[in-house]
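In: Just to be clear, the model below is a prediction. Sequence and coordinates:
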Amino acid sequence: MEKYRVTLTAEERLGLEQFVSAGRPAARRLAHARILLLADSRAGGETDEAIVDALGCSPRTVSRVRRQFVTCGLDAAVSRRPQPARPGKVKIKGDVEQRLVTLACSDPPEGRCHWTLRLLGDELVTLGLVEQVSTETVRQALKKTTSSRGSWPPGASRRTPTPSSSGGWRT
């Protein structure tokens with residue numbers, strides 16, 4: 001594994017020492033600052049094994065912090081990397097959802113007796129309402145609607161009261 005040599009300027013070293021002595025920031029940031037202080041080549045530059053023993057972190061963490069400092073700078077080595085943007089949870093909403101429900105309640109295509117989730121998804125793509133959609137997304141969108149082709153309340157089977165098997169007490 002390639003070893004990156006950490007060389008802190010006097011200002012960076014002083015800033016990291018003040019940062020560590022304050023003791024208020026997140027533990028991860030403190031550990032990374034301590035790794036940089038111990039790895040500083042001007043102050044003696046401990047080996048990775050010595051840093052691992054002193055701080056109780058993994059060798060991979062030490063090498064990663066060294067690499068980030070040399071390639072990206074002090075802030076990148078101490079601070080967290082920003083998380084990538086996450087896609088929205090609900091893929092089908094608004095007008096697209098309304099069209100999906102209307103489509104599901106309409107007559108199925110020729111040669112089919114009912115709509116399947118895959119057929120509904122393909123139809124949404126064909127109509128240009130979405131770029132691509134999975135069957136699970138279609139299922140979730142249809143599940144959250146209260147529409148049902150059967151009777152009210154929605155569900156696969158009608159609830160009927162079950163008679164008591166104990167017969168009950170008669171007086």
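Out: Thanks, I have it. Computed from a prediction, not measured in an experiment: that's the story for all the values here. Numbers count the residues shown, from 1 in each chain.

In: So which bits of the worst-scoring helix or strand of the chain on mean pLDDT are buried?
Out: Least confident helix or strand of the chain, by mean pLDDT, DSSP states H and E, is helix 135-144 with a mean of 88. By neighbour count, with 16 or more other C-beta atoms under 10 Å as the criterion, the buried positions of helix 135-144 are T137, V138, A141, L142. No exception for glycine: its C-beta is placed from N, CA and C like everyone else's.

In: The second one and L100 touch, don't they?
Out: Spelled out, it's V138. Yes: between V138 and L100 a contact is recorded at 6.9 Å, counting by C-beta atoms under 8 Å.

In: Helix, strand, or coil at I51?
Out: For I51, the secondary-structure state derived from DSSP: H, G, I helix; E, B strand; the rest coil is helix.

In: Repeat that for R34.
Out: At R34 the chain is in helix, as set by three-state DSSP.

In: if I look at the closest residue in space to L127 that isn't next to it in sequence, how far off is E136?
Out: Taking C-beta to C-beta, 6 or more residues apart in numbering as the measure, L127 lies nearest to R99, with 7.3 Å between them; neighbours along the chain are not counted. R99 sits 19 Å away from E136, going by C-beta to C-beta, to the nearest Å.

In: Report the distance from the helix or strand where T71 lies to the chain centre.
Out: T71 belongs to helix 59-72 when assigned by DSSP states H and E. A distance of 25 Å separates the centroid of the chain from that of helix 59-72, by C-alpha atoms, centre = their mean, to the nearest Å.

In: Test my guess that R42 contacts R5.
Out: No: applying C-beta under 8 Å, one finds R42 not in contact with R5, separated by 10.4 Å.

In: how far away is T116 from V96?
Out: For T116, the distance to V96 equals 18 Å [C-beta to C-beta].

In: okay, these two: which has more neighbours?
Out: Using other C-beta atoms under 10 Å as the criterion, T116 and V96 rank with V96 on top: 16 against 12.

In: The more buried one - nearest residue in space that isn't next to it in sequence?
Out: L129 (4.8 Å).
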